[in-house]
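> 3D model of this:
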Amino acid sequence: MNARAWQHLDFDDPTVAPALEVLQALQREDREVVRYRIPEGFSPYDEAVAGEIIELQQRVLDALRKLVPPGERLAVVNPEDHHPPLLFHPHVPFEDVSRERLWGYKHYVMPAWRVGLLPDGESWCFVGSDFAWEALYRVTGPSELVIRGSRLLSLLDPPSLRLLARFEQVPATRVRRAG
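Model prediction:
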C-alpha cells in the first residue's frame, strides 16, 4: 500500500498547525484563486470520465512534486474536522498503481490517492507553503474545487484540463468580516 506516501496523524497533531494558518491566510485573500462548481449528479466514480480524472490526478501530482521540495510534505486536512489530518509525501511513488487504483472506482480497491482530489462525500484540503487545493463537499449546495496560489495555478493550467471543462468556473467572492 502507500504507507510511505500517506501518513495518518492524530486529530490534535501540532504538525498541521502551520498549514492551517497558511490555509486561513489564503482563504482571506481574493486574488490568485480559481473556483469550479461541480454539477449536481457528478460522480468521481463515473467510468465515462475515469480518463479525465486520472489526467487531473497526474497533473496535480506533477505540480505538487514541483512545488514541494524533496523530503517535505503537504498537510491534508478535513476542514470540518470529521477526520484526522494526514501528511502527504508527493515525491514517494505510489506503489502498485493500476488504472483502478488511480481512479479509485470501487470501494474495495484501495485507491492510490487515500483522500480524493474531488469531493465525494467529504471535504479535503491539500495545503502547501503558499498554495492549496480544496475539494469542498456541500450537502445543501453545489460542491466546489478551489485552487489557490499563483504557482499552483500556473503549473496546473486549469483551462487545459478536460475534467475541469465539465465544471462551471465561478468568480471568487471576498467574504466581508464584521468589525
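> contact partners of stretch 17-29?
With contacts defined as C-beta atoms under 8 Å, 6 or more residues apart in numbering, stretch 17-29 is touched by 33, 74-75, 77, 79, 125, 127-132, 148-149, 175. For the C-beta atoms, the positions are set from N, CA and C on the backbone; glycine is no exception.
> With stretch 61-69 instead?
L74, F88, P90, H91, F126, G128, S129, F131, R151, L152, L155, L156.
> can I have it written out in PDB, keeping just the CAs?
Provided in PDB are the C-alpha atoms of stretch 61-69 (Å, rounded to 0.1, in the frame of the first residue of the first chain):
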ATOM      1  CA  LEU A  61       0.700  15.200  -8.500                       C
ATOM      2  CA  ASP A  62       3.300  16.600 -11.000                       C
ATOM      3  CA  ALA A  63       2.600  20.100  -9.800                       C
ATOM      4  CA  LEU A  64       2.900  19.100  -6.200                       C
ATOM      5  CA  ARG A  65       6.200  17.400  -6.900                       C
ATOM      6  CA  LYS A  66       7.500  20.700  -8.400                       C
ATOM      7  CA  LEU A  67       6.200  22.800  -5.600                       C
ATOM      8  CA  VAL A  68       7.100  20.700  -2.600                       C
ATOM      9  CA  PRO A  69      10.900  20.300  -2.000                       C
END
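> Would you mark the buried spots in that stretch?
Using 16 or more other C-beta atoms under 10 Å as the test for burial, stretch 61-69 gives L61, A63, L64, L67, V68.
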